[in-house]
Every structure is written in structure tokens, then in C-alpha cells.
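Engineer: sequence and predicted structure are below.
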Amino acid sequence: MAEGAAHCGSCGISVEASSAPPTTPPIPPVVPVPPVGTYAPANDNNATGGSGFAEFIDFRKMVTSSIMKWYFIISSVLIVLGGLIILVSSFGLMANQWTFGQGIATFFLALIGTPFYLVLNRVMCEIIIIQFSIYREIKEINAKK
């Protein structure tokens, strides 16, 4: 057995002991934290240095572009349901002899109006999304300066 080695009596394994002190891992550098309510300049990663709630309150983080998809889906479903309700109610108007003409007009207006409002809904959502993409592009151009 070598000098400075330890021998385990129960398992019989010899372990060599080292005279060097154990080393500690390096300490990471301290990063200063900005005071509450202050923001670091925006960079390409869109990190503003503030908390998520502070960014929301100060309108630095836009939520409209992230909810437009859900708005479009929900509003389209409501438009289709409204069109179907108007279409079904037109048959009730046609059942009465005094409102037969109104029932026919309501039927055709529902057939024409529902697709029209679906397209109008899509166009309005696209306009809003385009405005936010223009904002995002302008923000990137300003960050490069």
C-alpha cells in the first residue's frame, strides 16, 4: 500500500489521499440590478430590463397582436351563428302571409351578409396586425441606429 493511502476495512478498497486542499468553483461575476421602475435600452432580443407587469402598464409590451388570432376566431364564430339565427328566423317570417316579403328579404340578406361580414372581419383583423408589424419594423430600424 502506498504512503498516504487509506484502506477500507469492510470492502477492501484502497483510496489514495491527496495533501492538496480542495478547490472551490469560481464565483460568477455580480451583475448590477437596475432600480425598480427603470428600463435598460431595448436590444434585438426585445429585452427591456423591466418586469412583465411594468412593461404591460407602460405599454412597452403590446398584447393586441397576440390576441388578434383569438379575436378573429371568436368573432367569426359569432358572425356565422348570427347569420344562421337570422336565416332560421327568416323562415318564421315567411310562414306568415303578412310578412312573407320580409322573410324573403331577410333570407337573402343573411345569405349575402354573413360572408360579407366574415370578409370584413378578416380585413379589419389584418389591418390591425399590419399596424403592429409596421410598429415592430420601425422599432427594429430605430434599434439599429
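Structural biologist: Cool, got the structure.
Engineer: just checking, what packs against the helix ranked longest in the chain?
Structural biologist: Using DSSP state H, we find that the single longest helix of the chain is helix 100-144. Using 3 or more C-beta pairs under 8 Å, 6 or more residues apart in numbering; DSSP states H and E as the contact test, the elements touching helix 100-144 are helix 64-95. C-beta coordinates here come from the backbone N, C-alpha and C atoms, glycine included.
Engineer: just the buried positions in the helix it packs on, please.
Structural biologist: Of the residues in helix 64-95, those scored as buried under the neighbour-count criterion (16 or more other C-beta atoms under 10 Å) are Met68, Phe72, Ser75, Ile79, Gly83, Ile86, Leu87, Ser90, Leu93, Met94.
Engineer: and of those residues, the nearest to Thr114?
Structural biologist: In terms of C-beta to C-beta, no member of the buried residues of helix 64-95 lies closer to Thr114 than Gly83, at 3.1 Å.
Engineer: what's the spacing between the closest residue to that closest one other than its chain neighbours and Tyr135?
Structural biologist: Counting by C-beta to C-beta, 6 or more residues apart in numbering, Gly83 lies nearest to Thr114, which is 3.1 Å off, once chain neighbours are set aside. In this structure, Thr114 lies at 32 Å from Tyr135, with C-beta to C-beta, to the nearest Å as the measure.
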